[in-house]
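> Need coordinates for the following:
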Amino acid sequence: IDMGNTDKLGAFRQEAKRMGIAVLPPDINKSQSEFSVEDVNGRPAIRYALAAVRNVGAQAMSVVVGERSRRGAFKSLSDFARRLDPKTANRRQVENLALGGAFDALEADRARVHASVETMLRHANSASVEREARRVDDRTGRWTLARPFVGNGPFRLVEWKDHRHLEVERNPHHWDAGRV
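Predicted coordinates for the structure are as follows:
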């Protein structure tokens, strides 16, 4: 499947529906970089690929899936931001994941997630700086921070204005579980 071709992806969803195969929405904790098969109540279902969400890219999503495979499911948006490599994913990619519903299991209000992307990326940058600043203390042999890190707590989600809700709802370019 050509994940960059939205017309083919739409036809793929319609064909799966015609055949009685469920297409599950993208999920930051369940989706792979590419489309995958899951068992849902004894029946196969197709899990939407993270890389098939518009404008996110396969390479960045492979890194996200690799992080999840190594360290487990993301527990919250703060956890996702702490573990995100800011060199791998940018604002546009995280915004599109939010609009596509990939974070719905962590926070159901897509508008709040989307409006908080800048905060998430600042959080990711702070965590990255912390990871890079770690060093081994020559005297004790323990890992220490070269400088203190202050961005390890949860962050506050931002609310959208009503007009922004309408603007995003009018944009049909993002995957929406309601259209499957």
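
> Could you list which residues are in contact with Asn90?
By C-beta atoms under 8 Å, 6 or more residues apart in numbering, Asn90 lies in contact with Leu121. Using the backbone N, CA and C atoms, a C-beta is placed for each residue, glycine as well.

> Next, it: phi, psi?
phi -110, psi -180 (degrees, to the nearest 10).

> which stretches of the chain have low pLDDT?
Scanning the chain for pLDDT under 70 picks out 1, 133-180.

> shouldn't Phe80 be in contact with Leu106?
Yes. Using C-beta atoms under 8 Å, Phe80 is in contact with Leu106, at 6.9 Å.

> Of the two, which one has the most company?
Higher neighbour count among Phe80 and Leu106: Phe80, with 26 against 18, using other C-beta atoms under 10 Å.

> ok, now how distant is the closest residue to that one other than its chain neighbours from Lys17?
Excluding the flanking residues, the one nearest Phe80 by C-beta to C-beta, 6 or more residues apart in numbering is Phe74, at 4.3 Å. Distance, Phe74 to Lys17, using C-beta to C-beta, to the nearest Å: 29 Å.

> Between those two, which is the more surrounded one?
Applying other C-beta under 10 Å to Phe74 and Lys17 shows that Phe74 carries more neighbours, namely 21 against 12.

> helices or strands up against the longest helix belonging to the chain?
In the chain, with assignment by DSSP state H, the single longest helix is helix 117-133. Applying 3 or more C-beta pairs under 8 Å, 6 or more residues apart in numbering; DSSP states H and E, one finds that helix 117-133 contacts helix 77-83, helix 91-99.

> Do I have it right that the residue nearest to Phe80 meets Leu106?
Yes. Counting by C-beta under 8 Å, Phe74 touches Leu106, with 6.4 Å between them.

> Show me whatever sits in contact with both of the two.
28-29, 80.

> would you list the residues you listed in TSV and tack on distance to Leu50?
Converted to TSV, the shared contacts of Phe74 and Leu106 look like this (distance: C-beta to C-beta, whole Å):
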residue	distance to Leu50
Ile28	7
Asn29	11
Phe80	12
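
> Going by distance to Gly4, which of these wins?
Gly4 has its nearest neighbour among the shared contacts of Phe74 and Leu106 in Ile28, at 20.2 Å by C-beta to C-beta.

> quick one: contacts for that closest one?
50, 64, 68, 74, 80, 97, 102-103, 105-106.
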